[in-house]
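Visitor: here is my input, please return the structure:
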Amino acid sequence: MTEISRPLPGTQERFWTGPRLFAIATVTAVILLFIGANAHLIAVSFASSPECVLQPPKEGVVVYRAAKPSC
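Guide: Okay, the predicted model is just below:
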């Protein structure tokens, strides 16, 4: 059987190992990317002008129109 390695008595195991730092940095980057993308979507939604939408040519029975077609 394989023994589990343990630190020697009187010494402490290192907490900030390479794989642990990489995992924390990756999770932090993903969270910041998620927050940044959502902030961008919110900023674009407030900056857009939904009342100024291009009108499609009238085709078929159903014609989609903007709420206020005058721009």
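Visitor: Ser45: how many residues sit nearby?
Guide: For Ser45, the count of nearby residues is 9 (other Cβ atoms under 10 Å). Heads up, the C-betas are built off the backbone N, CA and C, glycines and all.
Visitor: give me the element it is part of.
Guide: Assigned by DSSP states H and E, Ser45 belongs to helix 18-47.
Visitor: what's the mean pLDDT across that helix?
Guide: Here helix 18-47 scores 95 as its mean pLDDT.
Visitor: counting contacts, what elements does it pack onto?
Guide: On a contact count with 3 or more Cβ pairs under 8 Å, 6 or more residues apart in numbering; DSSP states H and E, helix 18-47 meets no helix or strand.
Visitor: secondary structure class for Gln12?
Guide: Put simply, Gln12 is coil when judged by DSSP: H, G, I helix; E, B strand; the rest coil.
Visitor: and it, how many neighbours?
Guide: As a measure of burial, Gln12 has 7 neighbours, counting by other Cβ under 10 Å.
Visitor: look up how far Arg6 lies from it.
Guide: Distance of Gln12 to Arg6, computed by Cβ to Cβ, to the nearest Å: 12 Å.
Visitor: quick check: neighbours shared by the two?
Guide: Common contacts of Gln12 and Arg6 (Cβ atoms under 8 Å, 6 or more residues apart in numbering): none found.
Visitor: can I get stretch 21-30 in CSV, CA atoms only?
Guide: The C-alpha trace of stretch 21-30 is given here as CSV (Å, rounded to 0.1, in the frame of the first residue of the first chain):
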residue,chain,number,x,y,z
LEU,A,21,-2.7,29.5,-6.7
PHE,A,22,-3.5,28.6,-10.3
ALA,A,23,-7.0,27.5,-9.3
ILE,A,24,-7.7,30.6,-7.3
ALA,A,25,-6.4,32.8,-10.2
THR,A,26,-8.5,31.0,-12.7
VAL,A,27,-11.7,31.2,-10.6
THR,A,28,-11.0,34.9,-10.0
ALA,A,29,-10.5,35.6,-13.7
VAL,A,30,-13.7,33.7,-14.6
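Visitor: good, we can wrap up now.
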